[in-house]
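Q: predicted model and sequence below, questions to follow.
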Amino acid sequence: MSELNLIFSALEFAADRHKCQTRKGICKMPYINHPIRVAKILTDFGETDPELIMAALLHDVIEDTTSNEQEIKELSEVILNKFGENVLLTVLEVSDNKNLPVEERKRLQVVHTPELSDRSKKLKIADKISNILDIKNDPPENWPLERKLAYLDWSKQVVNGARGLNKNLDQYFDKVYQETYDYLKRTKY
Ligand code: ZN
């Protein structure tokens with residue numbers, strides 16, 4: 001398969017896995033919009049490694065389309081066979097363990113991000129950029145200002161452990177963070 005064909009296979013696979021899911025925001029946008037944006041952010045900043053782009057498209061399928069260890073094992077096997085070891089390892093690295101409480105998962109992301117592979121670090125930054133853009137442009141219903149600001153703050157802590165591989169990507173995170181922070185403070189919404 002050509003690289004382009006593999007990338008579209010990853011996109012199709014992710015779209016199928018997420019087909020019944022929507023994002024948290026008030027627009028109820030299709031879930032797949034998020035991984036597409038994450039992959040696009042990476043290519044916008046010059047990332048051309050096909051395994052990184054495939055991992056970006058697939059980055060939430062394990063965390064958000066499985067409900068037990070057996071399903072994770074089976075899905076991992078499929079990703080390994082279709083897209084290879086590097087893609088699977090990256091997707092696994094950026095997937096939270098959903099058996100843990102949310103606050104613990106958040107703490108572990110801050111602690112573990114500095115130890116991740118280069119691919120996973122870049123993916124983490126693009127993921128946080130996409131999520132912060134959603135908080136500004138399509139915010140989750142019932143999230144008060146404090147919760148949005150706390151999300152921004154936590155994202156920055158995670159990203160601080162992932163910096164240094166793509167300067168322009170790092171700077172874009174800072175820009176999106178600052179613009180969203182200022183917007184939330186200004187609108188108090
Ligand atoms: Zn994500």
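A: Done, it's in.
Q: which positions in the chain make contact with the ion?
A: Within the chain, the positions adjacent to the ion are 60, 127 by CB under 5 Å from the ion. In this view, the C-beta of every residue, glycine as well, is placed from N, C-alpha and C.
Q: spatially central residue in the chain, please.
A: Residue closest to the average C-alpha location in the chain (CA atoms, centre = their mean): residue 127, at 3.1 Å.
Q: quick one, what contacts that one?
A: Shown in contact with residue 127 (CB atoms under 8 Å, 6 or more residues apart in numbering): 38, 59, 94.
Q: over to residue 53?
A: Neighbours of residue 53 in contact, by CB under 8 Å, 6+ apart: 7, 10, 39, 42-43, 47.
Q: quick check: residue 86 touching residue 119?
A: Yes: in this structure, residue 86 is within contact of residue 119 by CB atoms under 8 Å, at 7.2 Å.
Q: who has more neighbours, the two?
A: Per other CB atoms under 10 Å, whichever of residue 86 and residue 119 has more neighbours is residue 119, with 24 against 16.
Q: okay, and the more buried one sits in which element?
A: Residue 119 is part of helix 118-137 when elements are defined by DSSP states H and E.
Q: from the contacts of residue 53, which two are the most distant?
A: Across those, the longest distance by CB to CB is 14.7 Å; it joins 10 and 47.
Q: let's have the contacts of residue 127 in TSV, adding pLDDT, secondary structure and neighbour count.
A: Listed next are these as TSV, based on pLDDT from 0 to 100; DSSP: H, G, I helix; E, B strand; the rest coil; neighbours: other CB atoms under 10 Å:
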residue	pLDDT	secondary structure	neighbour count
38	98	helix	25
59	98	coil	26
94	97	coil	25
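Q: about what we covered before: which residues outside the following helix or strand past the helix holding residue 119 are in contact with it?
A: Next helix or strand after helix 118-137 toward the C-terminus (DSSP H and E): helix 145-160. Residues from elsewhere that reach helix 145-160, judged by CB under 8 Å, 6+ apart: 106, 109-110, 113, 124-125, 128, 131-132, 135, 139, 143, 170, 173, 177, 180-181, 184, 188-189.
Q: and the residues you listed, which of them are buried?
A: 106, 109-110, 113, 124-125, 128, 131-132, 135, 139, 170, 173, 177, 180-181, 184 (16 or more other CB atoms under 10 Å).
Q: mutual contacts of residue 86 and residue 119, please.
A: By CB under 8 Å, 6+ apart, residue 86 and residue 119 have these common neighbours: 51, 55.
Q: CA atoms only: put stretch 74-90 into PDB for me.
A: Extracted in PDB, the C-alpha atoms of stretch 74-90 (Å, rounded to 0.1, in the frame of the first residue of the first chain):
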ATOM      1  CA  GLU A  74      -8.300  -7.200  20.000                       C
ATOM      2  CA  LEU A  75      -8.200  -3.600  18.600                       C
ATOM      3  CA  SER A  76      -4.500  -3.400  19.300                       C
ATOM      4  CA  GLU A  77      -4.000  -6.500  17.200                       C
ATOM      5  CA  VAL A  78      -5.900  -5.000  14.300                       C
ATOM      6  CA  ILE A  79      -4.000  -1.700  14.500                       C
ATOM      7  CA  LEU A  80      -0.700  -3.700  14.600                       C
ATOM      8  CA  ASN A  81      -1.600  -5.700  11.500                       C
ATOM      9  CA  LYS A  82      -3.100  -2.800   9.500                       C
ATOM     10  CA  PHE A  83      -0.800   0.000  10.400                       C
ATOM     11  CA  GLY A  84       2.300  -1.400  12.100                       C
ATOM     12  CA  GLU A  85       4.100  -1.400  15.400                       C
ATOM     13  CA  ASN A  86       5.100   2.300  15.500                       C
ATOM     14  CA  VAL A  87       1.600   3.400  15.000                       C
ATOM     15  CA  LEU A  88       0.200   1.000  17.600                       C
ATOM     16  CA  LEU A  89       2.900   2.000  20.200                       C
ATOM     17  CA  THR A  90       2.100   5.700  19.600                       C
END
